[in-house]
Every structure is written in C-alpha cells, then in structure tokens.
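# prediction below, plus the sequence it came from.
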Amino acid sequence: MNSLYGYEIDSDVPLTRGSEVPGELGRITVRAVRDRPLEVPAELVHLVTDADRIPHYAAARLGARIVAWHSDAGTFLIDPASMTIGHRAADTALELGPQRWEDRLASNAVPLLLGELGALSLHASANLVGDRALVICGVTGRGKSTLSAALASAGYPSLGEDGVVLHRSGTGHAAWPGARGSLLTNPAAAVIGTTSANGPEDPRGRRLHDGLRSADRPGRAAVIAFLRERGGTAVDIERVDSAKTHRELLDHLLTAGRRGTREFAGSARVAVSVDGVLLRVPDSLDAVAEAAERLTGLVGEGRPSRAE
C-alpha cells in the first residue's frame, strides 16, 4: 500500500505516484461517493478563477468536513473525523485523466485533511539533504518543481514537488515523503537532464517525470526558502529572522478557511525551528543549478548520494 506524508493511502483508484515508505502515522481511506457534495448547502471559504472569471478551484465547509472542487479532477469530500476522502469524478469540467486526479489528491485533498489534524500543510516542494529537509515555498509558476527536480537529479531525493506536510517531531518538524515525480516543461527537463517523461502535457505544458530519485525516509525541516518573483541577473539569497519566516509561512499554508489560532501557532512553532531565506532566481533556466547548489549549502549537513 502506498503512502503520502507518513499515512497509508487505502484508495479504490490505483495510485502510481504514492511513496513506498511505510505509512507509520496512520491510514487514510479514499473511496468514490454516490452523494453529490456540490448540491449540499455549504460555507464557501475559497474560490479561484481564471482571467475570464471562470472558476477552477473552490473549497467549502460542510460542518466539520471540507468540500474541495477542482475543474480538472472533480470533487473531494474530506472528513478528518473518519480519516476518509470521498471523490466524485463526474463533477470534472475539464477532463485531464487519472494523472491529474492523483495530483490533486496528493497536493490538495490529503494536505487539507492533515492540516485539520494539526499538521502544517504548505504549497511547497522539499528535498532531503542528508537527514534534513530543505523546503521551497512559492506561488504557482515560480519554479518550485524545477528546483526540486534539479536537486533530485543532483542526488538530493525529492520529498514532494507540489505539497509538503510538516508534522511535529520532538523539538522540530518532520517532512514525510509525498507524491513521487515532478511536473516539468520540456525546456526545464532538458536543463535538468531528465528524459523520464510519462503521460500527456497539462495546460501549463508540463509532463510528469517519474524517473527522479524520491526520498526513502522523512527528514527534519532545517531550511525553508521562499521564492520571490523571478528577476535580476544573479541568484540572490537573503536570510530572514523567525518573525519574517512566520509571516511568509502564513502566505503559503494550505487551508480550507480563515487562518486561525491553530494555524498561527503552528506556523510560529515551525518558524523558530528552521532557518528562513528569501530566494530570487533570474528568469533563466541556466540559473537553476546554481540556486540548487547554494540552497543545499545552507542546510549544511550531508552529501549528495548518487541517483540509482
């Protein structure tokens, strides 16, 4: 049985990107539902539209449950109390196949569930450097997946490329492996040197590359980098204090609702246990390797192991 973020995933749809690391923290059950969650009155808490104001993502509260709808993957009904995620593919408006459905399950539905249980779920990628985790946060399009893939290609295994969940562990926080593989454009894949593309392109011109090395264990979060808008002529890294790290983390939380006391306190605990940096990379793929190398130097532990 595959796992995501330390939890076994018992799914009625076969998963191809789940981690092979045993799920030691619990089990999440994923099943198709006959109900129509979108037809039940609920409290809308998040809505994302495109430039033409056409919705492509929405999240709502249905009592203690969460309804998350994706135009390209359908509806997920998330119930933290029973540790279940129901899914309804018939609600899909843009059919992109099971690969996209699995991506939404791993990067959104499962993190939302675990966030309700007290974990800190982030819109981020992460890689192992020795026994520690390097986390990269950034809005869509700033290069999280590309940087993570470059790190994996250099021998630093991927912990996930579009979703990271941090669990409290001792005085720090552990990042467990999420979905395997990276979604990359052809130019990014060429620069990184991977030819393991599998499946069709998504609307952003990316294809799944599943031949990159994935982590076989969790790592303690050591450094969190926040990607700035691309620009400049050189890779720029600025260290920030825990207060600034806390504010940045709040902007990258995956939640289904307003950020309350729990989210504020959880992100504050993470902020004081890691080193935070702001990262700006020139708008050129040639700078990716340098950015990856400089980030691993910040972690200061472990050497890359050769990819198998």
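Noted; the coordinates are in hand.
# who does A197 bridge with?
H209 (DSSP bridges).
# OK, contacts around it?
184, 189, 207-209 (Cβ atoms under 8 Å, 6 or more residues apart in numbering). All C-beta spots, glycine's among them, are computed from the backbone N, C-alpha and C.
# that one and P203, how far apart?
According to Cβ to Cβ, to the nearest Å, A197 and P203 sit 16 Å apart.
# could you do G18 as well?
In this view, G18 and P203 are 24 Å apart by Cβ to Cβ.
# the more surrounded of the two?
Each of G18 and P203 has its neighbours counted (other Cβ atoms under 10 Å); G18 has more, 22 against 10.
# these two touch, right, L295 and A222?
No: distance between L295 and A222: 10.8 Å, which falls outside the contact criterion (Cβ atoms under 8 Å).
# quick check: neighbours shared by the two?
The contact sets of L295 and A222 overlap at L134 (Cβ under 8 Å, 6+ apart).
# in the stretch 1-150 of the chain, which spans are strands?
Here the stretch 1-150 of the chain has its strands, by DSSP state E, counting those that start in this stretch, at 3-4, 7-11, 26-32, 43-49, 55-62, 65-70, 74-79, 84-88, 120-122, 124-129, 132-137.
# residues of the third one that come out buried?
The one in question is strand 26-32. Using 16 or more other Cβ atoms under 10 Å as the test for burial, strand 26-32 gives 28, 30.
# what's the answer for the longest one, then?
Under the neighbour-count criterion of 16+ other Cβ under 10 Å, strand 55-62 has 57-60 buried.
# quick one: list the elements packing against it.
strand 43-49, strand 65-70 (3 or more Cβ pairs under 8 Å, 6 or more residues apart in numbering; DSSP states H and E).
# name every strand pairing with it and say which way it goes.
strand 43-49 (antiparallel), strand 65-70 (antiparallel).
# so how far is the shortest one from its chain's centroid?
For strand 65-70, the distance from its own C-alpha centre to the chain's C-alpha centre is 17 Å (Cα atoms, centre = their mean, to the nearest Å).
# pull the residues that contact it.
Contacts for strand 65-70 (Cβ under 8 Å, 6+ apart): 37-38, 40, 42, 56-61, 75-80, 91-92, 104, 108-109, 112-113, 116, 256.
# pull out the buried residues from those.
37-38, 42, 57-60, 75-80, 91-92, 104, 108-109, 112-113, 116, 256.
# so for V270, which of the strands of the stretch 1-150 of the chain sits nearest?
strand 120-122 (5.7 Å; Cβ to Cβ).
# packing partners for the closest one?
Partner elements for strand 120-122 (3+ Cβ pairs under 8 Å, 6+ apart): helix 110-116, strand 164-169, helix 261-271.
# what's that strand in contact with?
By Cβ under 8 Å, 6+ apart, strand 120-122 touches 111-112, 114-115, 135, 137, 163-166, 173, 249, 252-255, 263, 266-267, 270.
# got a PyMOL select line for the buried ones in those residues?
Selecting only the buried entries of the contacts of strand 120-122 in PyMOL, with 16+ other Cβ under 10 Å as the criterion:
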select buried, resi 111+112+114+115+135+137+163+164+165+166+173+249+252+253+254+255+263+266+267+270
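# pipe the strands paired with strand 55-62 into a markdown table and attach mean neighbour count, mean pLDDT and distance to R230 per row.
Listed next are those as a markdown table, based on neighbours: other Cβ atoms under 10 Å; pLDDT from 0 to 100; distance: least, Cβ to Cβ, whole Å:
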| stretch | mean neighbour count | mean pLDDT | distance to R230 |
| --- | --- | --- | --- |
| strand 43-49 | 12 | 93 | 22 |
| strand 65-70 | 24 | 96 | 26 |
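# between the ones you listed, which gets nearest to A215?
Across the strands paired with strand 55-62, closest to A215 is strand 65-70 (Cβ to Cβ), at 25.8 Å.
# returning to that earlier point: the helices and strands packed on strand 120-122 into a markdown table, with extra columns for mean pLDDT and distance to V281?
Formatted as a markdown table, the helices and strands packed on strand 120-122 follow (pLDDT from 0 to 100; distance: least, Cβ to Cβ, whole Å):
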| stretch | mean pLDDT | distance to V281 |
| --- | --- | --- |
| helix 110-116 | 97 | 25 |
| strand 164-169 | 96 | 19 |
| helix 261-271 | 94 | 23 |
